[in-house]
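A.B. asks: sequence and predicted structure, then a few things I'm wondering about:
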Amino acid sequence: MAKRASIVTGLAVTLVLTALTPQPAPASAEQRFRGDYSVSLWGMTIGRSTFRSSIEGDRFEVKGTVSSAGLAKVFDSTSGAVSVAGRTTGDAVRPTSYRMNYRSGRRSKALEIDFSGERVSRTEITPQPKPRGKNWVALDKGDLARVTDPLSSSLVKAGNLEEVCTKTLRIYDGQSRMDLKLARAGRGPVSVEGYSGDAITCTASFAPRSGYREGDSTVEFLKDRANIRLVFAPLGQTGLYAPVRAAIDTKIGTVTVRAERFGAE
């Protein structure tokens, strides 16, 4: 059950938890932003998050908090913090460090991922995962090259809005390696506090690569049956694009994440 929750939680973070929403400014000037998001299931709010971020030249940093809300808080009170630092280069986003810690009831977990160049150089999970069974698809060295963490994976570097849905997001969450292959679904206007303008909708195909239990029902559902949709909007004049809305099917219903606000502080 914990592993299934980790996959869905990591994927949800990948899809939506970003708050980099810059407006045009000189490349050398530091820009600071804030984003507020809500997570809902069956029409009820089950989580909230707030992210503060800064961009200076090709470097970025994002820090945020997430917590359960509404009825979900009654059954399983969860709170946590996440941060990432890195830079953009060429047509890619390259993190240098990712940190995440959360507490759910009496359980707590901490994750640290460091990157060197285009590779993962260190992963530390506390507490350590339990020993894996024979049906575990182990990570390979090649799986840790040219990947991003769950938070920076939600930033897409593209030449224009139409190029966003041609990308494949290569994600590593500390245990699992997965791909999200984007495909164009449509284009239209969106209006969120802090942004009003064009956005593009992508569908996403989930492909597990390694770091998961073969035959796991959650993985199989995400791979074969889940409908995943992401709505991307431009981040000022930076050449970066990020989700303002996202929806992902799970075995218990569709989880929807919506930006209630994002913009300069």
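C.D. replies: Alright, I've got the coordinates. Residues are numbered from 1 along each chain as shown.

A.B. asks: contacts, neighbours, all on C-alpha from now
C.D. replies: Noted.

A.B. asks: sec struct for Gly215, please.
C.D. replies: Local secondary structure at Gly215 is given as coil here, using DSSP: H, G, I helix; E, B strand; the rest coil.

A.B. asks: what's around it, how many residues?
C.D. replies: Applying the criterion other CA atoms under 10 Å, we find 10 residues in the vicinity of Gly215.

A.B. asks: from Leu222, how far out is it?
C.D. replies: For Gly215, the distance to Leu222 under the criterion CA to CA, to the nearest Å works out to 12 Å.

A.B. asks: and the helices in the protein?
C.D. replies: Under the criterion DSSP state H, the chain carries helices at the ranges 2-16, 71-75, 217-224.

A.B. asks: can you tell me which of those has the worst average pLDDT?
C.D. replies: Set side by side, these differ in mean pLDDT, and helix 2-16 is lowest with a mean of 44.

A.B. asks: just for the chain, where's the confidence low?
C.D. replies: Low-confidence segments of the chain, defined by pLDDT under 70: 1-28, 70-76, 263-264.

A.B. asks: in it, which residue sits furthest out from the middle?
C.D. replies: With CA atoms, centre = their mean as the measure, the chain has its most outlying C-alpha, relative to the mean C-alpha position, at Lys134: 29.3 Å.

A.B. asks: quick check: phi and psi on it?
C.D. replies: According to degrees, to the nearest 10, the main-chain angles of Lys134 amount to phi -70, psi -20.

A.B. asks: and it, how close does it get to Val255?
C.D. replies: Lys134 sits 32 Å away from Val255, taking CA to CA as the criterion.

A.B. asks: from memory Tyr116 sits against Thr96, does it?
C.D. replies: Careful, residue 116 is Ser; it's not Tyr. Yes - using CA atoms under 8 Å, Ser116 makes contact with Thr96 at a distance of 6.6 Å.

A.B. asks: the more surrounded of these two?
C.D. replies: More neighbours surround Thr96 than the other of Ser116 and Thr96, with 21 against 13 (other CA under 10 Å).

A.B. asks: surely the more buried one is in contact with Ser83?
C.D. replies: No - here Thr96 lies out of contact with Ser83, judged by CA under 8 Å, at a distance of 11.0 Å.

A.B. asks: right, and Lys251 touches Phe221 too?
C.D. replies: Yes - here Lys251 reaches Phe221: they are 7.2 Å apart, a contact under CA under 8 Å.

A.B. asks: and these two? Which one has more around it.
C.D. replies: Phe221 (15 against 11).

A.B. asks: OK, contacts around that one?
C.D. replies: Remark: with contacts taken as CA atoms under 8 Å, 6 or more residues apart in numbering, Phe221 is in contact with 250-251.

A.B. asks: and it, how close does it get to Thr88?
C.D. replies: From Phe221 across to Thr88, the span is 33 Å (CA to CA).

A.B. asks: before we move on, what about Ser210?
C.D. replies: 26 Å.

A.B. asks: identify the residue spatially nearest to Asp198, adjacent ones excluded.
C.D. replies: Of all residues not flanking Asp198 in the chain, Pro189 sits nearest, at 4.4 Å (CA to CA, 6 or more residues apart in numbering).

A.B. asks: kindly report the same for Ala207.
C.D. replies: Spatial nearest neighbour of Ala207, excluding adjacent residues (CA to CA, 6+ apart): Asp179 at 5.1 Å.

A.B. asks: what are the bridge partners for the one you found, then?
C.D. replies: In this structure, Asp179 has the following beta-bridge partners (DSSP bridges): Arg170, Ala207.

A.B. asks: list the contacts for it?
C.D. replies: Contacts were defined as CA under 8 Å, 6+ apart; by that measure Asp179 touches 168-171, 205-209.

A.B. asks: and if you look at Ser38?
C.D. replies: With contacts defined as CA under 8 Å, 6+ apart, the neighbours of Ser38 are 45-49, 257-260.

A.B. asks: can you put those in a markdown table and add neighbour count and distance to Pro129?
C.D. replies: Formatted as a markdown table, the entries for the contacts of Ser38 read as follows, by neighbours: other CA atoms under 10 Å; distance: CA to CA, whole Å:
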| residue | neighbour count | distance to Pro129 |
| --- | --- | --- |
| Thr45 | 18 | 30 |
| Ile46 | 19 | 27 |
| Gly47 | 21 | 26 |
| Arg48 | 20 | 27 |
| Ser49 | 21 | 26 |
| Val257 | 26 | 28 |
| Arg258 | 20 | 32 |
| Ala259 | 24 | 33 |
| Glu260 | 15 | 35 |
